[in-house]
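Asker: pasting the sequence and the predicted coordinates here, then a few questions.
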Amino acid sequence: MRPEPFGALAYHYENRRLNFLRAPELVALVESLDQHPSVSAAFAASGIDPRRWGSFRRALTALVASDFLVAA
Amino acid sequence: MTDLIINEPRPDDLVLSQAKQSGLATQMKQGLDAPICLTWELTYACNLQCVHCLSSSGRRDPDELTTAECEALIDELARMQVFYINVGGGEPTIRNDFWHLLRYAVDHGVGVKFSTNGSRIDAQVAAELAAMDYVDVQISIDGADADTNDRIRGEGSYATAITAMEHLAEAGFGEFKISVVMTRHNIEQVETFKAMADRYGAQLRLTRFRPSGRGADSWHELHPTDPQQRALYYWLLDHPEVLTGDSFFHLSALGEALPGLNMCGAGRVVCLIDPVGDVYACPFVLHDEFRAGSVRDTGGFAHVWQESERFAELREPQSAGACASCGHFDACQGGCMAAKFFTGIPLDGPDPECVLGHGEPLVQAATERPQGSDHSFRTSVQLTSKPRSAG
């Protein structure tokens, strides 16, 4: 995952997919995932406005679908 | 808020199909912290003398980067988190340290796709490549039969490329790339190229022919006719799985946009490092006009990418110039900078292959055409006069 002005670029070497993470908060959330027992806990600790959690959850789902994130 | 994430399955082809709608294209035009797609021509030495060679390759430049300099550059690219590099030339495998540098890059987390004419891909090399991660191979071929190909690339080069493909397929390499530059003589063979790719479990990649390097000399004889490029446009719409390096975006003026970003990425998301370490805006503009600096300068490649005035200019909004009054400018963005430059058309003028026909009169009227650097062997390089008969 590489920081960029708009958020970050993430590249998966196996499937050669490039993902554009388009919010700095999303980048921070993804990076914090392995420090929390659950995704919900990561959200709770993230400081992201709960009204926006839906769109962030969809983004995580997309990252799982492209094998960038693996569901624990 | 719209999508927080954009998922792009074909980064090595720079196809960012959803980016345009999302406004990300604007972001990318202003430049990224590091290029997405970096081409590194490792040497000007080549055992072929293709008539359309974009870098006029042939003879090695005595000042080419040393092994140690190449390693230092890879270290820097790794620090910048450049995900992968496209390595070409010349014929990159001619360098004695090529295989060492390939492993060095991969071991440092920089993926490599290298372009080759296949002459060094024997069974053993194919097996070694198949066992490596983060390596992709692109075999260049410019005709679906030996006659068509060898006129462009030289006698025996078709057989060499096919043999390399067979070795890669037999070694179980997986989806390597077959790379074809579209010319007047092969553009109607696209179905045969597609069948060739399918036969070897490869992916087909079609690239637009540019008047760069020796391509400037062969341009008038080789660039596709207007009916040919129109037919290709519709074929590409029907075959979104075929890679194009986003290089046919000038055809989007015909209607529906082709898959891809539909913008010139030069100096914004792509750039080129040449064998002596000079950095240019894209692989097709090896000319002082587009030279942004050298990796040998203080600050190295990162400084060139981030601070060069030449790149800063390219990241500014570009004037539509003579195309401003054309209703199709949003679709084609005025076409390819390199194609304009080397046919003598102003950079804010139309593409020489403008589908509305605005380019051709300007090509005819051009009085001066810039010359790039030349590494050809002393003998002149010409098309063989007639297709040889088979056998």
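Answerer: Cool, the structure landed.

Asker: up against chain B, what does chain A have?
Answerer: A:2-6, A:9, A:11, A:13, A:15-23, A:26, A:52, A:55-56, A:58-59, A:62-63, A:65-66 (C-beta under 8 Å from any C-beta of the partner chain). From N, CA and C alone the C-beta is placed, and that goes for glycine too.

Asker: only the buried subset of the residues you listed, as a ChimeraX command please.
Answerer: Buried subset of the residues of chain A next to chain B, written as a ChimeraX selection, criterion 16 or more other C-beta atoms under 10 Å in any protein chain shown:
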select /A:2,4,6,9,11,16,17,18,19,20,21,22,23,26,55,56,59,62,63,66
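
Asker: excluding residues flanking it in the chain, which one is nearest the residue of the stretch 101-250 of chain B found nearest chain A?
Answerer: Proximity of the stretch 101-250 of chain B to chain A (C-beta to the nearest C-beta) peaks at residue B:134, 5.3 Å away. The shortest distance from residue B:134 to any non-neighbouring residue, by C-beta to C-beta, 6 or more residues apart in numbering or on different chains, is to residue B:111 (4.0 Å).

Asker: which residues touch the residue nearest the centre of chain B?
Answerer: When C-alpha atoms, centre = their mean is applied to chain B, the residue found nearest the centroid is residue B:283 (6.1 Å). Neighbouring residues of residue B:283 by C-beta atoms under 8 Å, 6 or more residues apart in numbering or on different chains: B:39, B:41, B:54, B:55, B:88, B:212, B:270, B:272.

Asker: measure it to residue A:13 for me?
Answerer: Distance from residue B:283 to residue A:13, counting by C-beta to C-beta, to the nearest Å: 23 Å.

Asker: picking that back up, tell me which two of the contacts of residue B:283 sit farthest apart.
Answerer: B:55 and B:270 (15.4 Å; C-beta to C-beta).

Asker: between these two, point out the one with more neighbours.
Answerer: Legend: neighbour count by other C-beta atoms under 10 Å in any protein chain shown for residue B:55 and residue B:270, higher for residue B:55 (26 against 20).

Asker: so what's the residue count around the closest residue in space to residue B:177 that isn't next to it in sequence?
Answerer: Computed as C-beta to C-beta, 6+ apart, the closest residue to residue B:177 that is not its neighbour in sequence is residue B:138, at 4.0 Å. Neighbourhood size, residue B:138 [other C-beta under 10 Å]: 21.

Asker: strands paired with whichever strand or helix holds residue B:138, and their directions?
Answerer: Element membership for residue B:138, per DSSP states H and E: strand B:135-140. Looking at strand B:135-140 with DSSP bridges, its partner strands are strand B:111-116 (parallel), strand B:177-182 (parallel).

Asker: ramachandran angles for residue 53?
Answerer: Defaulting to chain A. Main-chain torsions, residue A:53, degrees, to the nearest 10: phi -60, psi -30.

Asker: not counting its neighbours along the chain, what's nearest it?
Answerer: Spatial nearest neighbour of residue A:53, excluding adjacent residues (C-beta to C-beta, 6+ apart): residue A:43 at 5.7 Å.

Asker: ok, now which ones touch the one you found?
Answerer: Residues near residue A:43 by C-beta under 8 Å, 6+ apart: A:29, A:50, A:53, A:56.

Asker: between those residues, which sits nearest chain B?
Answerer: Using C-beta to the nearest C-beta, the contacts of residue A:43 come closest to chain B at residue A:56, 6.4 Å.

Asker: name the secondary structure element that contains the closest one.
Answerer: helix A:53-65.

Asker: what ranges do the strands span in chain A?
Answerer: A:2-4, A:7-12, A:17-21 (DSSP state E).

Asker: quick one: the helices in the stretch 51-200 of chain B, in order.
Answerer: Counting by DSSP state H, counting those that start in this stretch, the stretch 51-200 of chain B has these helices, from start to end: B:67-79, B:98-107, B:123-130, B:146-153, B:157-170, B:190-199.

Asker: picking up where we left off before, which one among the contacts of residue A:43 gets closest to residue B:236?
Answerer: Of those, the one sitting nearest to residue B:236 (C-beta to C-beta) turns out to be residue A:56, at 35.9 Å.

Asker: so who does the closest one touch?
Answerer: Taking C-beta under 8 Å, 6+ apart as the test, what residue A:56 contacts is A:25, A:26, A:29, A:43, A:48, B:4.

Asker: what residue ranges in the stretch 1-150 of chain B score low on pLDDT?
Answerer: B:1-29 (pLDDT under 70).

Asker: distance of residue B:76 relative to chain A?
Answerer: Using C-beta to the nearest C-beta, to the nearest Å, we find residue B:76 at a distance of 14 Å from chain A.

Asker: same check on residue B:315?
Answerer: From residue B:315 to chain A the distance is 12 Å (C-beta to the nearest C-beta).

Asker: got phi/psi on that residue?
Answerer: Dihedral angles (degrees, to the nearest 10) for residue B:315: phi -90, psi -10.

Asker: just to revisit the earlier point, how about JSON lines for the helices of the stretch 51-200 of chain B, with mean neighbour count added?
Answerer: Below are those laid out as JSON lines (neighbours: other C-beta atoms under 10 Å in any protein chain shown):
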{"stretch": "helix B:67-79", "mean neighbour count": "17"}
{"stretch": "helix B:98-107", "mean neighbour count": "18"}
{"stretch": "helix B:123-130", "mean neighbour count": "16"}
{"stretch": "helix B:146-153", "mean neighbour count": "22"}
{"stretch": "helix B:157-170", "mean neighbour count": "20"}
{"stretch": "helix B:190-199", "mean neighbour count": "16"}
